[in-house]
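Chemist: Build the 3D model from these lines:
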Amino acid sequence: MPSALASYRLAALRGLVRTFPSTLLGYSGGVDSACLAVVLRQELGAERMLAVIGRSPSYPQAQWQMAREVAAQFDLPLLEVDTHEVDNSDYAANPTNRCFYCKRELWARLRAEAAARGFSIVCDGTIADDLHEHRPGRAAGVQAGVRSPLAEAGMTKADVRATARVLGLPVWDAPAAPCLSSRVAYGLTITPSRLHQVEAAEAYLRSLGVTGDLRVRHRGDRARIEAEPAWIAWLMERTAAITERLVALGFPAVEIDPLGYRRGSLILEATGER
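Modeler: Model (predicted):
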């Protein structure tokens, strides 16, 4: 069950969204946007909310499938639109504020959909924790006037997971699944081919049974595998087979990071903090 504080924040969230005449939600299918989508559906009904998926080569196929399954399970009105951030040279150059260009593209398209369909508010799944992290994409949302109800209600990741579990969301304990471009080392050009390599490599490791947080970082000259510490020895024992598979996908070489998965390891590297 959620803690008393989580329950209080959920009540605050419900009260907040009930003040929305109607809303269009940028929906990825991760636990944050899924939780918000279900609450919006419960409070506003099917006529006053719409969950919208932005499809592009940077959006993982597995995430898309889960997003659709959750939408079907909870009767969420759903729309899919194509986004073209990978075609933007500023985005493809992969600077440390790459996410800004992605979100600017996304919100331009979603705001146009909202205007065309008569939805008064556009919102996202930003949580309170995100306000204190490296999130250049948030600036694009602020510029576009996007609301963040979870953050406004003070909901943290722990609050969201507890709420999602009570609501029966199958993604309540799913590991974070950011876009595939987040696996590509800053400064290395984002291309559909590299994104496919990353996605296929992670899918292969998942097929072997690896669970929890997992990233295959594209370093250009190699793939660097980051997994939860409990998996490191297991992966090391299978280095030869894993290397053979990932080289077949186009990676010149493969390394398994002995430190395991760390959030934001690429930005720490880019800023010299690692």
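
Chemist: Name the surrounding residues that touch the helix or strand containing residue 42.
Modeler: Using DSSP states H and E, residue 42 sits in helix 31-44. Residues outside helix 31-44 that contact it (C-beta atoms under 8 Å, 6 or more residues apart in numbering): 10, 13-14, 17-18, 20, 22-23, 25-27, 49, 51, 67, 70-71, 74-77, 123-127, 149-150, 157, 160-161, 163-164, 167, 169, 171-174. All C-beta atoms are positioned from the backbone trio N, CA, C, and that covers glycine.

Chemist: report the longest helix in this structure, please.
Modeler: Longest helix in the chain by number of residues (criterion: DSSP state H): helix 98-117.

Chemist: And it, what's buried?
Modeler: For helix 98-117, a neighbour-count test (16 or more other C-beta atoms under 10 Å) marks 98-107, 109-111, 114 as buried.

Chemist: contacting residues around the next helix or strand after that helix?
Modeler: Sequence-wise, the next helix or strand downstream of helix 98-117 (DSSP H and E) is strand 121-123. Identification of contacts with strand 121-123 by C-beta under 8 Å, 6+ apart yields 20-26, 36, 107, 110-111, 114, 144-149.

Chemist: the helices in this structure, which residues?
Modeler: With DSSP H as the criterion, the chain has helices at 4-17, 31-44, 61-73, 89-92, 98-117, 136-143, 149-152, 157-167, 192-207, 229-237, 239-248, 265-270.

Chemist: Out of those helices, the one nearest residue 258 is which?
Modeler: Taking C-beta to C-beta, helix 229-237 is the member of the helices of the chain nearest to residue 258, at 6.2 Å.

Chemist: Can you name every helix or strand that the closest one contacts?
Modeler: The contact analysis (3 or more C-beta pairs under 8 Å, 6 or more residues apart in numbering; DSSP states H and E) places helix 229-237 against strand 254-256.

Chemist: go with 10 Å
Modeler: In terms of contacts (3 or more C-beta pairs under 10 Å, 6 or more residues apart in numbering; DSSP states H and E), helix 229-237 is packed against strand 223-227, strand 254-256.
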